[in-house]
Structures are given as structure tokens and as C-alpha cells.
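J.: only geometry, no sequence info:
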């Protein structure tokens, strides 16, 4: 089974610029079947309520494995996800379940990116574009790839799991993981070159 590997190709403190570069990279691929998803970690009640109001179609969840083990019956519904209109607004309830994550998945490309970028604020978040298709480049021994062709934009963090906080935003290009013989980085470098960028660090996974 194939899996992607992600290389950073751009980093900036300007979230709008980061989004612009990410979209340029998306445009290198075939977007016919592409979709976009967003995810953000919310550590305060005020941030949960702000995002709940601003993204009424978002889903909120917990990612606390110990909480699942304590009560697998999931009385709050937060293990599987609660739609924003059904999420309780009581501060005491929300504070007892922080951090919460808010996500919107597999939406049409262009439908949520600007709004999410404007809303993410200081929180760790991510936009990712999936179901792209990278082109063939036979003269560079690079071959078309669809299953692992993705672009992601990390806000205020440096890892795909959103665990390493940072004060900047990173664009990643995802390509097929092969045998780490250099072909993955060559592919990522070629894609970055198409928008005037380059690989700026080791792969993140």
C-alpha cells in the first residue's frame, strides 16, 4: 500500500502569503477531483465559541485517548464529533473538554480556504488539498501520481500532527513515498520549482 511523504517548500509569518503559495502549488496538479479540508486545535472556550459562530458547518471533537478509555460510551458525542449547531455553548461544559478540534472535510476547492485562513488566528491549524494528480515529467524520470498527490498548509506549527507550535506557517508538498533513494525529494523539488520555490528542509513524514 502506498503512502505519501511531505516536504516543506515555503515558510512565512504571513498566513495570506502562505495560502497564496499553497494554491500556486495546488495549481501545478490536475484539480479535477481535488477536495479541500481544514482542521484547527482550540485551547480556550472563547476560541471554541468564536469558531463555532464563524463556521456553523464545522464539526467539533476531542482527541483525548484517555477520555475514550475512561468513558467509551461517549455521552458528549465529542469522540465521534458534534456538529456546530448542536455543540453546547455552556462555558463550564466546554472548559472541561478542552482542547477541542474543529474541522470541515472534503469540500470543493476554493470554498473555505480564505475564510479559514482569516479565522485560524494563533491556533495550530491545517488546510490540506487532496485527490490531486501530479503530472508526468518523463525527461526527469518523474511519473504521474494521484493517490499521494497532496498539498498542505500548516498554521502556527511545524509538524503534521500539529504538535510542535511555531510562530510561522509552512507549505508542504506530498509525493509518493518510495524507498528514500532520493526520488521523492527530486519529485518534490520539481514541483516546488514550478512555482519558484524549493525544498527547504527534511521530510515531515
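T.: Perfect, I can see it now. This structure is a prediction, so every number in the text was calculated from the model and none was measured. Numbers count the residues shown, from 1 in each chain.
J.: can you give me the strands in the chain?
T.: 4-12, 35-42, 59-61, 82-83, 100-108, 125-130, 150-157, 165-176 (DSSP state E).
J.: Could you name the helices and strands sitting against the fifth one?
T.: Counting contacts by 3 or more CB pairs under 8 Å, 6 or more residues apart in numbering; DSSP states H and E, strand 100-108 is packed against strand 35-42, helix 45-54, strand 59-61. Every residue, glycine included, has its C-beta placed from N, CA and C.
J.: could I get the strands of the chain as a markdown table with distance to residue 26 and mean neighbour count?
T.: Converted to a markdown table, the strands of the chain look like this (distance: least, CB to CB, whole Å; neighbours: other CB atoms under 10 Å):
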| stretch | distance to residue 26 | mean neighbour count |
| --- | --- | --- |
| strand 4-12 | 12 | 21 |
| strand 35-42 | 9 | 22 |
| strand 59-61 | 23 | 21 |
| strand 82-83 | 28 | 16 |
| strand 100-108 | 13 | 17 |
| strand 125-130 | 5 | 23 |
| strand 150-157 | 5 | 24 |
| strand 165-176 | 10 | 22 |
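J.: re earlier: and of the helices and strands packed on strand 100-108, who's closest to residue 157?
T.: Residue 157 lies closest to strand 35-42 among those, at 8.6 Å (CB to CB).
J.: For the closest one, what is the distance to the chain centroid?
T.: Offset of strand 35-42 from its chain centre (CA atoms, centre = their mean, to the nearest Å): 6 Å.
J.: Identify all contacting residues around it.
T.: Strand 35-42 has contacts (CB atoms under 8 Å, 6 or more residues apart in numbering) with 48, 51, 98-113, 116, 119-120, 123-131, 155, 162.
J.: Could you do stretch 191-205 as well?
T.: By CB under 8 Å, 6+ apart, the surrounding residues in contact with stretch 191-205 are 5-11, 21, 24-25, 28, 134, 159-160, 171-173, 175, 184-185, 188-189.
J.: ditto for stretch 173-182
T.: Contacts of stretch 173-182 (CB under 8 Å, 6+ apart): 2-7, 9, 25, 134, 145, 147-152, 184, 187-188, 191-192.
J.: Quick check: end-to-end length of it?
T.: 15 Å (CA to CA, to the nearest Å).
J.: Check what pLDDT the spatially most distant residue from the centre of the chain gets.
T.: Farthest-out residue of the chain from its mean C-alpha position, per CA atoms, centre = their mean: residue 139, at 31.6 Å. With respect to pLDDT, residue 139 scores 83.
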